[in-house]
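1. Let's see this in three dimensions:
(4 chains)
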Protein chains: 2
Amino acid sequence: MNAMNHNWAEASARPNAARPTLFRGLPRKDIRHLLNIFEEDRLADGDPLPRGRAEPPFVGLVLDGALREDVRTPQGGTRLFALTFAGEALSPLGPCHKGGRLSAMGDTRLLTCDRAVFDVLASSIPRLYMNLLGVMQDQITDAYRWQTLLGRKTATERVASMLTWFHARQGTPAELTLPLSRAELGEMSGLTLETVSRQFRNLQKAGVIALPRPRQVRVLDTETLIHLSGDAPLEHAA
Amino acid sequence: MNAMNHNWAEASARPNAARPTLFRGLPRKDIRHLLNIFEEDRLADGDPLPRGRAEPPFVGLVLDGALREDVRTPQGGTRLFALTFAGEALSPLGPCHKGGRLSAMGDTRLLTCDRAVFDVLASSIPRLYMNLLGVMQDQITDAYRWQTLLGRKTATERVASMLTWFHARQGTPAELTLPLSRAELGEMSGLTLETVSRQFRNLQKAGVIALPRPRQVRVLDTETLIHLSGDAPLEHAA
DNA sequence: CGAGCTATTGAGTAGTCTCAACAATTGTGG
DNA sequence: CCACAATTGTTGAGACTACTCAATAGCTCG
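-> Numbers count the residues shown, from 1 in each chain, chains lettered A, B, ... in the order given. Got it, this is the predicted structure:
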């Protein structure tokens, strides 16, 4: 196990405050109430999400650390499918279904709530339903991004995109710690580990990133990185 | 215009009867009520979905025909992104957002409902919320399938997969009419139109399908087609 | 320090794309 | 209904990207 006792909480100390999460827009009183009802789990690196009551949690919020979701392939193997960083939410739809499996990356704290409890809560705090839709909206948006990446992008663009996304989702720190090996990055982006490695080197040679260590990435030229990702079009294109 | 007296059951009888849709499990009385409240639109080929009240519809049900969703690419172009066949539902999350655009393929009838109305309806028929989750669940499952296709599959597997899906979603007719050109199939599957064409020919030469006309596909060997798609064979267990 | 990973690098290849010509199908006006 | 134009689909040759296989280098941790 690549324990990596690195503190993810620190890396993501500034979770996307702007991202609509489950508690968005609720009065302080309601939030306090919810925090009392939701269950808090603490997981160490690699721990699977406990499925206490025979079911995956209906919704969840990652407070610290990160979760990874591995899905089963038709061939019987398993592959890394998605990540949930601190400050992001688990929707009832994305994870676990289809034989997916959630586990912690680094020390992780999360709040969960099962379906029955959620329904009770939501009946007294209707806004919860709206926020739940927002959470799922985010998931679909993500899925769309990955579809674009996988369907239309070159290797360079894929790697640049992943770096950009991770960087942004961890709060654009000066130095980014990759939570994944080259092989895992490849699994997510539909590339081989060798190709991922080569692309990292190319970005390094081009002066876009520095790689003090294989998993430490310093983004030197955000502008160019985004440009290489093929995503953010400068308005005067076309 | 209200959705009066056409036979809802008929429209969805053929295609995926098992697929959980918005009205699943509701008493006849409630369904009749809903059909009165939902708006019915009739579109001709190519018509965009009217966005009456400045907003895309919150939920929709395709009764006849099909809808296509085109999204804007970062480069400013647009590309075919998803299809919704008769009997399937539009969730509030998938379509339209991100500058997507919905339009009809062939003569199409659909029922729509905006957010405010849906909330009112759902407060008197709580099961609607549950069904809505089911609809979104389907969308996420679809997104996952496409991610697998785009990320890990060869050209042959991609084309075989699309054929299998379309075939199943149209009720496994003896002869399937493709709603898309080779170029559009390529847009969805991340291939060029030439490669799509070549794969069709290969499947034909292998005796898996017949192509009486470019867009008419007779599936001769479902078994092999599914095998070539690289997906696990359908479980007839249940 | 060395074992066991993980990552890098290289050489050769397979599969898909690009570009280009051609064929088939569909649509249109006489 | 035919002739023709426009669109869509097919086929081929060559180029190029990313893959495979294989060897080497660099971390991490006992």
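2. When you work out contacts or count neighbours from here on, use the C-alpha atoms and nothing else.
-> OK.
3. could you pull out the strands for chain A?
-> Under the criterion DSSP state E, chain A contains strands at A:39-43, A:59-72, A:78-85, A:89-90, A:101-113, A:175-177, A:209-213, A:216-219.
4. Tell me the buried residues in stretch A:27-34?
-> A:Leu34 (16 or more other Cα atoms under 10 Å in any protein chain shown).
5. gap between that stretch and the chain center?
-> Offset of stretch A:27-34 from its chain centre (Cα atoms, centre = their mean, to the nearest Å): 26 Å.
6. Which residues outside that stretch are in contact with it?
-> For stretch A:27-34, contacts defined as Cα atoms under 8 Å, 6 or more residues apart in numbering or on different chains pick out A:Phe23, A:Leu121, A:Ile125.
7. Show me what the mean pLDDT comes to for it.
-> What stretch A:27-34 shows for mean pLDDT is 94.
8. And for stretch A:136-147?
-> 89.
9. Quickly check: that stretch near DNA strand C or not.
-> No: taking Cα under 7 Å from any atom of the strand as the criterion, stretch A:136-147 and DNA strand C are apart, separated by no less than 14.3 Å.
10. for chain A, what spans make up the helices?
-> A:8-11, A:28-37, A:115-124, A:127-152, A:155-169, A:182-189, A:193-205, A:222-229 (DSSP state H).
11. Nearest to B:Arg101, out of those helices?
-> helix A:127-152 (14.4 Å; Cα to Cα).
12. what angle sits between that closest one and strand B:59-72?
-> Inter-element angle recorded for helix A:127-152 and strand B:59-72: 40 degrees (by axes from the mean of the first three to the mean of the last three Cα atoms, to 10 degrees).
13. Give me the buried stretch members for helix A:127-152, please.
-> Within helix A:127-152, the residues scored as buried using 16+ other Cα under 10 Å are A:128-129, A:131-141, A:143-144, A:146-152.
14. So which of these reach chain B?
-> The subset of the buried residues of helix A:127-152 within reach of chain B, by Cα under 8 Å from any Cα of the partner chain, is A:Leu133, A:Met136, A:Gln137, A:Ile140, A:Ala143, A:Tyr144, A:Trp146, A:Gln147, A:Leu150, A:Gly151, A:Arg152.
15. I'd assumed B:Ser91 was in contact with the fourth one.
-> When you say that, I think you mean A:Ile140. No: A:Ile140 is beyond contact range of B:Ser91, at 10.8 Å (criterion: Cα atoms under 8 Å).
16. ok, now how distant is A:Thr156 from chain B?
-> A:Thr156 sits 15 Å away from chain B, going by Cα to the nearest Cα, to the nearest Å.
17. Need the pLDDT of that residue.
-> Model confidence at A:Thr156 (pLDDT) stands at 98.
18. re earlier: mind giving me CSV with the ones next to chain B among the buried residues of helix A:127-152 and columns for distance to A:Ala86?
-> Below are these laid out as CSV (distance: Cα to Cα, whole Å):
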residue, distance to A:Ala86
A:Leu133, 19
A:Met136, 16
A:Gln137, 18
A:Ile140, 18
A:Ala143, 19
A:Tyr144, 21
A:Trp146, 20
A:Gln147, 23
A:Leu150, 25
A:Gly151, 28
A:Arg152, 29
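19. For DNA strand D, state which of these is nearest.
-> A:Arg152 (9.2 Å; Cα to the nearest atom of the strand).
20. Excluding chain neighbours, give the residue nearest to the closest one in space.
-> Counting by Cα to Cα, 6 or more residues apart in numbering or on different chains, A:Arg152 lies nearest to B:Gly190, which is 5.9 Å off, once chain neighbours are set aside.
21. Can you give me the pLDDT of the one you found?
-> For B:Gly190, the model assigns a pLDDT of 97.
22. can I assume it is in contact with A:Leu149?
-> No: assessed by Cα under 8 Å, B:Gly190 is found out of contact with A:Leu149, at 10.1 Å.
23. In contact with the closest residue to A:Leu180 other than its chain neighbours, which residues?
-> Using Cα to Cα, 6+ apart and skipping residues adjacent in sequence, the residue nearest A:Leu180 is A:Arg215, 7.7 Å away. Residues near A:Arg215 by Cα under 8 Å, 6+ apart: A:Thr177, A:Leu178, A:Pro179, A:Leu180, A:Ser181.
24. quick one, phi/psi of A:Arg215?
-> phi -100, psi 0 (degrees, to the nearest 10).
25. That one and chain B, how far apart?
-> 23 Å.
26. measure that residue to A:Leu163 for me?
-> 11 Å (Cα to Cα, to the nearest Å).
27. Spit out the contact partners of A:Ala174.
-> Residues near A:Ala174 by Cα under 8 Å, 6+ apart: A:Arg218, A:Val219.
28. neighbours around A:Ser124, how many?
-> For A:Ser124, the tally of surrounding residues (other Cα atoms under 10 Å in any protein chain shown) stands at 10.
29. pLDDT wise, what is it at?
-> 91.
30. One more: the one 4 residues further on?
-> As summarised for this prediction, A:Leu128 has a pLDDT of 90.
31. That one against A:Gly134, yeah?
-> No: if you go by Cα under 8 Å, A:Leu128 and A:Gly134 don't touch, sitting 9.7 Å apart.
32. which neighbours do the two share?
-> Common neighbours of A:Leu128 and A:Gly134 (Cα under 8 Å, 6+ apart) are A:Leu22.
33. how does chain A divide up, domain by domain?
-> As assigned by automatic domain parsing, chain A contains the domains A:8-150, A:154-229.
34. Out of these, flag the one nearest B:Gln170.
-> domain A:8-150 (23.2 Å).
35. so, in contact with DNA strand D or not, the closest one?
-> No: figure legend: domain A:8-150 not in contact with DNA strand D (Cα under 7 Å from any atom of the strand); closest approach 10.3 Å.
36. I am finished for the moment; much appreciated.
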